[in-house]
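Q: Quick one: sequence plus predicted model below, questions after.
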Amino acid sequence: MRIGVIGAGVVGALIARELCRYDVEVHLFEREADVAFGVSKANSGVIHGCFHEQPGTARARFCVEGNAMYATLAQELDFPFLRIGAHVVAFDADDVATLKRLKEQGEQIGVPDLAIISGEELRAREPYVSPDAQAALWSPTVGIVEPWDVAIAAVENARDNGLNLHLGTEVTGIVLDGERVTGVQTSQGDYRLDAVVNAAGLYADRVARMAGVDRPVLHPRRGEYLLLDKQAGKMANSVLFPAPTNNSKGILVLPTVDGNILLGPTADDLPELTPDAIATSPTGLAAAVAGAKRLVPAVDPRLTIKTFAGVRPEPAGGEFVIGPTEVSGFYQAAGMRSPGLTAAPAVAHHLVEEIAAAFALGRNEAFDPVRHGLPRFSALSPRDRAALIEKDPSYGRIVCRCNEVTEGEIVAAIRRGARTVDGIKFRTRAGFGRCQGGFCTARILSILARELGVRPEDVTARGRGDSIVVGRVRP
Ligand SMILES: Cc1cc2nc3c(=O)[nH]c(=O)nc-3n(C[C@H](O)[C@H](O)[C@H](O)COP(=O)(O)OP(=O)(O)OC[C@H]3O[C@@H](n4cnc5c(N)ncnc54)[C@H](O)[C@@H]3O)c2cc1C
């Protein structure tokens with residue numbers, strides 16, 4: 001029995017890992033050079049409290065279940081997950097009415113421990129919040145992650161349990177025998193498969209059409225962000241939301257797990273999905289700053305170290321498209337807009353249970369759910385640092401000065417599968433600090449070239465011929 005998963009974002013990665021719990025050959029196809037280079041690399045990283053979701057929807061059900069699964073998932077897969085809680089801030093009577101509605105809605109779908117607190121109490125917890133705040137909805141189960149950590153960790157664990165990972169492999173066709181899936185055509189050749197899961201993110205509509213399935217219908221909705229330097233300080237202890245708008249949860253101010261402050265996202269419906277959909281714009285960034293300043297007036301955009309945009313795959317009707325289709329063996333986990341990151345573990349679990357029941361799959365008794373993350377030099381005590389350097393002197397050579405990332409960690413990331421500068425960045429945080437790679441990119445590039453046995457001009461930022469250098473100035 002062979003099952004293929006299309007798309008190595010957080011959803012496809014967790015589905016592939018769940019499939020490895022069964023006695024089945026699992027193939028994960030990703031057209032990009034690495035895991036989590038799609039929607040999963042550019043979002044807020046919030047493990048939502050789910051009170052924004054309407055009762056009776058798949059979004060509400062999988063969000064609540066997914067949120068509850070994150071603590072165990074983070075422990076098994078060894079990625080940082082901080083349950084810091086969230087406040088939805090009300091500025092007037094209409095907002096206060098919205099908080100009451102969100103609280104009732106949340107309680108209806110089983111969100112625990114929601115409470116409405118006064119403006120004074122909010123300012124005691126969040127000293128930088130606007131003096132105009134009148135009240136807030138407190139949701140203690142909200143958490144934060146770096147979203148790519150989840151996908152990378154899930155794929156590493158799945159690989160340890162037998163996954164066949166095909167990076168740089170675009171699925172170009174679904175092979176059918178009548179109304180039954182028998183395989184896929186890819187840019188790297190054909191594969192015979194008994195079932196296929198479509199987890200292709202923004203492209204899930206195109207993949208569905210390859211199988212003759214007309215759902216989901218997607219449209220792109222861009223969100224722009226600013227990331228502030230750690231020097232900005234702790235301007236938010238929890239995730240700060242405004243009252244939601246018609247098409248989004250609003251512009252947030254939140255800390256990241258690495259200790260920066262993130263502002264955004266905007267919500268901009270785009271006419272079509274083009275390669276520049278992830279470009280930021282002056283108007284978008286200005287709107288993100290204005291929204292953030294409403295919550296925390298002291299945020300200073302001059303401390304921005306990075307701006308970026310992510311694109312949501314908005315499904316028509318707003319609902320996730322999960323489950324089997326009219327084509328036998330063709331399953332979908334599509335239309336995964338927010339709260340898709342939160343819902344992903346629950347979606348993966350339920351979809352794979354359904355597939356296992358349909359094909360009467362036996363358990364893989366050897367499945368080991370535990371993965372160990374890379375050593376993080378900056379987090380070690382002086383004694384542990386010394387011990388590591390004694391064992392491997394490359395841990396004594398700092399490459400990224402902003403985040404104190406060593407050559408040893410970069411080499412370890414390459415041995416785990418990083419092939420690009422962004423792949424190193426996501427796995428080690430090298431290049432994620434104040435200078436955004438200004439000092440360390442050249443060093444990372446040479447280490448990648450040396451370890452992979454390629455020329456520096458063949459090393460890319462994120463694959464697809466995205467070169468950083470074109471050749472040598474001197475022979
Ligand atoms: C601005 C923004 C903010 C968000 N904030 C949050 C949040 O705070 N909390 C939350 O829970 N959710 C949030 N989300 C939603 C969350 O990011 C997504 O639900 C989730 O990342 C979707 O993951 P995915 O695996 O479905 O998609 P992706 O990560 O896009 O993965 C799909 C993969 O499929 C690959 N692919 C596509 N076509 C093919 C093909 N033909 N062959 C091979 N590979 C293919 C792509 O390259 C891609 O890597 C946000 C989204 C955005 C854009």
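A: Nice, I can see it.

Q: Pro315 bridge partners, please.
A: For Pro315, the residues forming beta bridges with it (DSSP bridges) are Leu218.

Q: Test my guess that Phe29 contacts Ser187.
A: No. Under the contact definition of CB atoms under 8 Å, Phe29 does not touch Ser187, with a separation of 9.4 Å. Glycine gets a C-beta too; all of them are placed from N, C-alpha and C.

Q: what do the two both touch?
A: Where contact means CB atoms under 8 Å, 6 or more residues apart in numbering, the residues bridging Phe29 and Ser187 through contact with each are 169-170.

Q: need the contact list for Ala13.
A: Listed by CB under 8 Å, 6+ apart, the contact set of Ala13 reads 28, 35-36, 150-152, 154-155, 158.

Q: Could you confirm it falls within a strand?
A: No. Residue assignment for Ala13, taken from DSSP: H, G, I helix; E, B strand; the rest coil, gives helix, which places it outside any strand.

Q: which of the contacts of Ala13 sit farthest apart?
A: Between all members of those, the longest pairwise span (CB to CB) is found for Leu28 and Val150 and amounts to 14.8 Å.

Q: Next to the ligand, which bits of the protein? Give me the list.
A: Taking CB under 6 Å from any ligand atom as the contact definition, the chain meets the ligand at 6-12, 29-32, 37-40, 43-46, 48, 170-171, 199-203, 207, 223, 265, 310-312, 336-342.

Q: Strands of the stretch 1-150 of the chain, residue ranges please.
A: Here the stretch 1-150 of the chain has its strands, by DSSP state E, counting those that start in this stretch, at 2-6, 25-29, 46-47, 86-90, 115-118, 135-139, 143-144.

Q: ok, and which of these has the densest surroundings?
A: Most buried of the strands of the stretch 1-150 of the chain, by mean neighbour count (mean count of other CB atoms under 10 Å): strand 46-47, with a mean of 28.

Q: can you tell me the average pLDDT over it?
A: Average pLDDT, strand 46-47: 98.

Q: mind listing what that strand pairs with, with the direction of each?
A: Partner strands for strand 46-47, per DSSP bridges, with pairing direction: strand 143-144 (antiparallel).

Q: gap between Arg209 and the ligand?
A: 11 Å (CB to the nearest ligand atom, to the nearest Å).

Q: I'd like to know which of the strands of the stretch 1-150 of the chain lies nearest to Gly284.
A: Set against Gly284 and scored by CB to CB, the strands of the stretch 1-150 of the chain come closest in strand 46-47, at 19.3 Å.

Q: Name the residues that touch the closest one?
A: With contacts defined as CB under 8 Å, 6+ apart, strand 46-47 is touched by 66-67, 70, 81, 83, 86, 142-145, 239, 252, 254, 339, 341-342.

Q: now stretch 77-94, how far from the centre of its chain.
A: Average the C-alpha atoms of stretch 77-94, do the same for its chain, and the two points are 17 Å apart (CA atoms, centre = their mean, to the nearest Å).

Q: no wait, stretch 217-234
A: Shown here is stretch 217-234, whose average C-alpha point lies 13 Å from the average C-alpha point of the whole chain (CA atoms, centre = their mean).

Q: right, and Asn260 touches Leu228 too?
A: Yes. In terms of CB under 8 Å, Asn260 counts as a neighbour of Leu228; the distance is 5.9 Å.

Q: any common contacting residues for these two?
A: When contacts are counted by CB under 8 Å, 6+ apart, Asn260 and Leu228 are jointly contacted by Ile305.

Q: between these two, which one's more packed in?
A: A count of neighbours by other CB atoms under 10 Å puts Leu228 above the other of Asn260 and Leu228, at 23 against 20.

Q: and that one, what does it touch?
A: Each residue near Leu228 by CB under 8 Å, 6+ apart is listed here: 235, 260-263, 299-301, 303-305.

Q: rerun at 10 Å
A: Contact analysis of Leu228 by CB atoms under 10 Å, 6 or more residues apart in numbering lists 235, 253, 256, 260-263, 292, 299-306.

Q: just Ile6 next, same as before
A: Here Ile6 is in contact with 12, 27-31, 169-171, 174, 184, 186, 196-201, 203-204, 207, 210, 332-333 (criterion: CB under 10 Å, 6+ apart).

Q: Quickly list what it is bridged to.
A: On the basis of DSSP bridges, Ile6 is bridged to Phe29, Asn198.

Q: distance of it from Arg209?
A: Plainly put, Ile6 is 13 Å away from Arg209 if you go by CB to CB, to the nearest Å.

Q: what's the answer for Ile109, then?
A: Separation of Ile109 from Arg209 (CB to CB) stands at 33 Å.

Q: For the two, indicate the residue with more neighbours.
A: With other CB under 10 Å as the criterion, Ile109 and Arg209 differ in neighbour count, and Ile109 comes out ahead with 18 against 12.

Q: Hmm, Lys103 and the more buried one touching each other?
A: No. Ile109 is beyond contact range of Lys103, at 11.4 Å (criterion: CB atoms under 10 Å).

Q: Am I right that Ile349 is in a helix?
A: If you look again at residue 349, you'll see it is His, not Ile. Yes. Residue assignment for His349, taken from three-state DSSP, places it within a helix.

Q: Tally up the residues packed near the closest residue to it other than its chain neighbours, please.
A: Leaving aside its sequence neighbours, His349 sits nearest to Glu18 (CB to CB, 6 or more residues apart in numbering; 5.9 Å). The local packing of Glu18 (other CB under 10 Å) involves 24 other residues.

Q: same check, this time on Arg192
A: 10.

Q: before we move on, what about Arg61?
A: For Arg61, the number of neighbouring residues by other CB under 10 Å comes to 20.

Q: hang on, isn't it packed against Pro55?
A: Yes. Counting by CB under 10 Å, Arg61 touches Pro55, with 9.3 Å between them.

Q: shared neighbours of those two, which are they?
A: Residues touching both Arg61 and Pro55 (CB under 10 Å, 6+ apart): 109-110.
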